[in-house]
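A.B. asks: Need the 3D shape of this:
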Amino acid sequence: MKTESYGGRDIVWLRGYVEEIVSRTQDLQEIEVRYGEEKSLAFNFVKLTGEVSEGDEVVVNATARALGLGSGGYDFVAQVIKSLGPLGLDGNVAGQRKTDVPRGKGQPRESSAASQATCPNGITMPIPNGVMTAGFAGREQGHIMKLRYTPLQFRCLAVEEEASGRRDALQRPDLEGMPVIVGELHSQVAPAVAGIWCRLRGRRITPRVTYIMTDGGALPLAISKTVAFLKERGLVGTTITCGHAFGGDLEAINVYSALIAAKHVSKADVAVVCIGPGIVGTGTAFGTTAISQGEAINAAFALGGKPIAVPRIGFADTRTRHYGLSHHTVTVLKEVVYPPCIVGLPRISRPSLDTVFETIRREGLYRKHLFIMGNGVLGTRLLQDMGFELQSMGRSYEQEPLLFEAAAACGDVAGVLALAARRRRRDNEGGITNELFPSWR
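C.D. replies: Residues are numbered from 1 along each chain as shown. Now for the predicted structure:
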């Protein structure tokens with residue numbers, strides 16, 4: 001197989017013709033594709049790219065095969081040329097074939113030698129027949145695949161790989177009491193980070209903050225304007241994308257490795273963990289990607305961190321299940337999180353305070369977790385002064401202030417814990433120094 005390709009540093013595109021339909025189910029075709037003198041098996045997902053027939057021209061993701069990944073080294077059809085429309089690349093209406101060209105098994109239909117392919121990312125690119133992109137490096141640039149077994153799978157250099165040069169740092173699976181703020185909504189990230197800065201900059205400390213993006217929402221980090229703002233303003237130093245999320249300064253296979261990398265590679269004072277933009281919800285207790293908040297809290301605790309859960313608090317949402325303390329937060333703290341953790345609360349006026357506390361009492365959350373009041377106003381004010389627009393699910397800060405202030409309050413609490421870590425003011429069990437916080441139980 002040639003090591004020249006087209007498509008960039010981390011993905012390999014090939015263009016060839018369907019030689020044979022080897023097998024098929026309702027949703028999957030296994031096909032043999034010819035690239036000049038070379039043939040290889042590929043998978044075609046019918047629901048994504050439609051059915052292919054013998055002789056069809058296809059664009060194939062051959063990244064895994066280029067890396068020699070063994071049983072995972074299959075090619076995947078990313079585009080069927082005949083389906084590009086409204087005009088096909090050879091000038092025909094999409095879906096129509098040139099009837100004056102007889103086609104037998106494996107005989108390609110006519111196409112222009114200078115034809116192009118439009119990949120699912122919307123980029124139109126010329127793909128030389130049977131040629132792979134020049135400059136595609138081998139495993140020394142990583143061999144971990146993200147978006148695995150899909151037409152857009154690509155390789156990355158994960159922090160866990162020996163080739164990353166950071167693997168030794170991950171042999172220390174101890175967060176050493178590092179505060180870990182874990183949010184539910186991506187809109188909570190900025191105020192949480194701002195809360196950290198407001199607490200520590202008053203002590204003339206420049207905090208090292210790492211953001212870890214999990215894969216419960218958007219997968220590409222680049223789509224987040226929030227993260228771009230925080231990086232540009234220097235509020236976040238390092239970004240880590242884990243699972244199938246991608247595009248961070250560091251890539252990690254899971255949230256455990258990401259947390260260890262935040263502590264021992266990024267040297268973070270505080271880590272903020274949250275999904276990317278977009279959350280999945282169904283109105284059921286467990287049918288939501290908010291559950292990943294609990295999973296990250298468990299991971300932080302298991303690794304010796306200090307997890308701080310950001311509660312989802314709001315009164316502008318007319319849905320009863322999200323009024324006051326959201327049922328997402330209740331489910332995570334009651335059913336998913338196994339260790340006790342800190343829950344940061346903003347200063348809330350009555351009667352909203354009574355509504356939130358009544359839920360905490362009714363669900364018995366106070367028996368397991370420590371609820372701590374933090375300053376949520378300073379963090380949100382800092383962001384507003386910097387020109388950042390606080391918005392979540394179409395609602396502004398003015399419409400839903402407590403949603404953002406709760407996250408900023410968690411940042412404030414994390415800042416206090418980071419100070420305590422620096423001063424080695426912890427109790428004998430590595431727990432919380434009670435004198436640091438005005439707490440409510």
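
A.B. asks: name the helices or strands packed onto the top helix by length along the chain?
C.D. replies: Under DSSP state H, the helix in the chain containing the largest number of residues is helix 401-423. Applying 3 or more CB pairs under 8 Å, 6 or more residues apart in numbering; DSSP states H and E, one finds that helix 401-423 contacts strand 179-182, helix 189-201, strand 270-275, strand 306-309, strand 313-314, strand 342-345, helix 377-385. (Glycine included, C-beta is placed from N, CA and C.)

A.B. asks: now the angle from that helix to helix 377-385?
C.D. replies: 110 degrees (axes from the mean of the first three to the mean of the last three CA atoms, to 10 degrees).

A.B. asks: Report the mean confidence score over helix 401-423.
C.D. replies: Helix 401-423 shows a mean pLDDT of 93.

A.B. asks: what about dumping the CA coordinates of that helix to CSV?
C.D. replies: Coordinates of each C-alpha in helix 401-423 appear next as CSV, following Å, rounded to 0.1, in the frame of the first residue of the first chain:
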residue,chain,number,x,y,z
PRO,A,401,-28.6,34.7,36.5
LEU,A,402,-28.4,31.7,39.0
LEU,A,403,-27.5,29.3,36.3
PHE,A,404,-24.3,31.2,35.7
GLU,A,405,-23.7,32.3,39.2
ALA,A,406,-23.8,28.7,40.4
ALA,A,407,-20.9,27.8,38.1
ALA,A,408,-18.9,30.9,39.1
ALA,A,409,-19.5,30.0,42.8
CYS,A,410,-18.0,26.6,42.1
GLY,A,411,-15.0,28.4,40.6
ASP,A,412,-14.8,30.5,43.8
VAL,A,413,-14.8,27.4,45.9
ALA,A,414,-12.2,25.7,43.7
GLY,A,415,-10.0,28.7,44.1
VAL,A,416,-10.2,28.4,47.9
LEU,A,417,-9.3,24.7,47.6
ALA,A,418,-6.4,25.6,45.3
LEU,A,419,-5.1,28.1,47.9
ALA,A,420,-5.4,25.4,50.6
ALA,A,421,-3.5,23.0,48.5
ARG,A,422,-0.7,25.5,48.0
ARG,A,423,-0.5,26.2,51.7
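
A.B. asks: What are the buried residues along that helix?
C.D. replies: 401-421 (16 or more other CB atoms under 10 Å).

A.B. asks: Ok, stretch 272-292 next?
C.D. replies: Buried residues in stretch 272-292 (16+ other CB under 10 Å): 272-277, 279, 285, 288-292.

A.B. asks: want to throw these into a markdown table with pLDDT and distance to residue 218?
C.D. replies: Converted to a markdown table, the buried residues of stretch 272-292 look like this (pLDDT from 0 to 100; distance: CB to CB, whole Å):
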| residue | pLDDT | distance to residue 218 |
| --- | --- | --- |
| 272 | 98 | 16 |
| 273 | 98 | 15 |
| 274 | 97 | 11 |
| 275 | 96 | 8 |
| 276 | 94 | 4 |
| 277 | 92 | 5 |
| 279 | 84 | 10 |
| 285 | 82 | 24 |
| 288 | 87 | 15 |
| 289 | 84 | 11 |
| 290 | 88 | 15 |
| 291 | 91 | 17 |
| 292 | 94 | 13 |
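
A.B. asks: which of those sit farthest apart?
C.D. replies: 272 and 285 (25.4 Å; CB to CB).

A.B. asks: Let me know the distance separating the nearest residue to residue 311 once chain neighbours are set aside from residue 345.
C.D. replies: Using CB to CB, 6 or more residues apart in numbering and skipping residues adjacent in sequence, the residue nearest residue 311 is residue 329, 4.6 Å away. Going from residue 329 to residue 345 by CB to CB, to the nearest Å gives 11 Å.
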